[in-house]
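Participant: got a sequence here, can you model it:
(chains A and B)
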Number of protein chains: 2
Amino acid sequence: MKISELSELSGVPVATVKFYIREGMLARGEALSATRAEYGEEHLSRLRLIAALADVRGLPLARVREVLALIDAPLDDPMETLGRAVGALPPYVDGGRDDYPRAREAIAELGLTYDADFTAVAQLDEALRALDAAGLDASPAALARYGAAMRQVAADEVAPMGAMSPPEAVAYAVLGTAMYEPVMLALRRLAHHHLLAERTAHDPVR
Amino acid sequence: MKISELSELSGVPVATVKFYIREGMLARGEALSATRAEYGEEHLSRLRLIAALADVRGLPLARVREVLALIDAPLDDPMETLGRAVGALPPYVDGGRDDYPRAREAIAELGLTYDADFTAVAQLDEALRALDAAGLDASPAALARYGAAMRQVAADEVAPMGAMSPPEAVAYAVLGTAMYEPVMLALRRLAHHHLLAERTAHDPVR
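Facilitator: Alright, predicted model coming up:
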């Protein structure tokens, strides 16, 4: 396809596509003449990944590059590759500690794997300490409800990964993590709204 | 309690507590002398709400004020009060349209309530169009998996609201929506990590 088609299918303006090529984030097309190049499906999926991270989720370009580098050259340990790539996504919290006791306890209660190097551990730790400070319920029973729902969602999401190459798996994990988060949060708010609207309709006095 | 205790229990510095009082966001304590005032539980819970929104979730003060105004003077329609208060939370998307066809279809498929004025509708619409642009699965079957998990979470969350006064319900809804979102997202990432780590341990060749 031509660069104009690539732009149209991805929703990324031609000037921005050219910027990503100049920056080495997107490969050049195959040169057909001095002014025309041909782009393929792999260009489109790469561009969609860059656009999703940079434009939709607002990642700084340095973070996008970090993800692309891990796709282009995965580390020997696939879990570390995935962990680092997903760790490039927000929220950005103070990490780098050896241990996160608040998260460690909760993760043990939930029967999940604790690995202090995985960024989501620091994110959970911060979120739980915020619940405590706000006086909200962060008991094992309350967390178990969220944990069960998220485990069910996650099982469906990781299922296709067994059949993927390491670079495919990294791109899938980062894109899936980033792009379904806003969907899930909007659906939670819509479910609240629906349940309350239903209740109000049945019991208009309240 | 003294202002120093209020500060300690909420984790908000004394200077910031005084700022919120000056700004009219937190009521003055009961004056005991020219330089001492007494604060109660209602000051603590108000301060925890402000801190959760402003410091933890990073809401602009104008948005925090919007939430506080809805708690102090709920509108006649409780659903509209809740909708506006929760709508003060991020993500901030282009709203204000009369109809969101992409979200409308998905919401109908999920059997939820469609109300174009509720901000989560615009948020879902944007999130779904981003999935489409990224070439990710936004089919009814894929969304149903997220919808089912979120409905289950939401049912537990709205259950206590029947027994609350309108101001309590607004504070609970905003605080709960804002503060459990990071918990849920971290748990989803931890569940991915756990499931993949388990798989790698059982099948070390992959």
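
Participant: so what does residue A:31 have for phi and psi?
Facilitator: phi -70, psi 120 (degrees, to the nearest 10).

Participant: where does pLDDT dip in chain A?
Facilitator: A:202-206 (pLDDT under 70).

Participant: in it, which spans are helices?
Facilitator: In chain A, helices defined by DSSP state H lie at A:3-10, A:14-22, A:41-51, A:61-72, A:78-86, A:101-110, A:119-134, A:140-158, A:166-202, listed in chain order.

Participant: flag every buried residue along the fifth one.
Facilitator: When you say that, I think you mean helix A:78-86. With burial defined by 16 or more other Cβ atoms under 10 Å in any protein chain shown, the residues of helix A:78-86 counted as buried are A:78-79, A:81-86. In short, each C-beta sits where N, CA and C put it, glycine included.

Participant: ok, residue A:75 - contacts?
Facilitator: With contacts defined as Cβ atoms under 8 Å, 6 or more residues apart in numbering or on different chains, residue A:75 is in contact with A:81, A:84.

Participant: how much space between it and residue A:4?
Facilitator: From residue A:75 across to residue A:4, the span is 37 Å (Cβ to Cβ, to the nearest Å).

Participant: burial count for residue A:6?
Facilitator: By the criterion of other Cβ atoms under 10 Å in any protein chain shown, residue A:6 has 21 neighbours.

Participant: do the same with residue A:153
Facilitator: Neighbourhood size, residue A:153 [other Cβ under 10 Å]: 21.

Participant: what's the answer for residue A:175, then?
Facilitator: By the measure other Cβ under 10 Å, the count of residues near residue A:175 is 21.

Participant: cool, and residue A:63?
Facilitator: The burial metric for residue A:63, expressed as a neighbour count using other Cβ under 10 Å, is 18.

Participant: my read: it touches residue A:53, true?
Facilitator: Yes. Under the contact definition of Cβ atoms under 8 Å, residue A:63 touches residue A:53, with a separation of 7.4 Å.

Participant: what touches both of these two?
Facilitator: Taking Cβ under 8 Å, 6+ apart as the contact definition, residue A:63 and residue A:53 share the neighbouring residues residue A:89.

Participant: still on that earlier bit, the helices of chain A: which one's closest to residue B:125?
Facilitator: Comparing the helices of chain A against residue B:125 with Cβ to Cβ, the closest turns out to be helix A:166-202 (8.6 Å).

Participant: show me which residues of stretch A:120-138 are buried.
Facilitator: Along stretch A:120-138, these residues count as buried under the neighbour rule (16+ other Cβ under 10 Å): A:120-131, A:133-136, A:138.

Participant: filter those down to the ones close to chain B.
Facilitator: Contacts with chain B within the buried residues of stretch A:120-138, counted by Cβ under 8 Å from any Cβ of the partner chain: A:120-121, A:123-124, A:126-128, A:130-131, A:133-136, A:138.

Participant: per-domain residue ranges of chain A.
Facilitator: Structural domains of chain A, as assigned by automatic domain parsing, span the residue ranges A:1-56, A:78-202.

Participant: deepest-packed of those domains, please.
Facilitator: Looking across the domains of chain A with neighbours counted as mean count of other Cβ atoms under 10 Å in any protein chain shown, the highest average goes to domain A:78-202: a mean of 19.

Participant: tell me how far that domain lies from the chain's centre.
Facilitator: 10 Å (Cα atoms, centre = their mean, to the nearest Å).

Participant: do stretch A:29-47 as well
Facilitator: A distance of 27 Å separates the C-alpha centroid of stretch A:29-47 from that of its chain, computed with Cα atoms, centre = their mean.

Participant: take that stretch, keep the C-alpha atoms, and write them as PDB.
Facilitator: Extracted C-alpha coordinates of stretch A:29-47, given in PDB (Å, rounded to 0.1, in the frame of the first residue of the first chain):
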ATOM      1  CA  GLY A  29       8.800   1.100   2.900                       C
ATOM      2  CA  GLU A  30      10.200  -0.800  -0.100                       C
ATOM      3  CA  ALA A  31      11.400   1.900  -2.500                       C
ATOM      4  CA  LEU A  32       9.500   1.700  -5.800                       C
ATOM      5  CA  SER A  33      10.900   5.000  -7.200                       C
ATOM      6  CA  ALA A  34      12.700   8.100  -5.900                       C
ATOM      7  CA  THR A  35       9.400   9.400  -4.400                       C
ATOM      8  CA  ARG A  36       7.300   6.300  -3.900                       C
ATOM      9  CA  ALA A  37       7.500   3.400  -1.400                       C
ATOM     10  CA  GLU A  38       5.400   0.400  -0.800                       C
ATOM     11  CA  TYR A  39       4.200  -0.500   2.800                       C
ATOM     12  CA  GLY A  40       2.900  -3.900   4.000                       C
ATOM     13  CA  GLU A  41       0.800  -5.300   6.800                       C
ATOM     14  CA  GLU A  42       3.800  -5.400   9.200                       C
ATOM     15  CA  HIS A  43       4.100  -1.600   8.700                       C
ATOM     16  CA  LEU A  44       0.400  -1.200   9.500                       C
ATOM     17  CA  SER A  45       0.500  -3.200  12.700                       C
ATOM     18  CA  ARG A  46       3.700  -1.500  13.900                       C
ATOM     19  CA  LEU A  47       2.100   1.900  13.200                       C
END
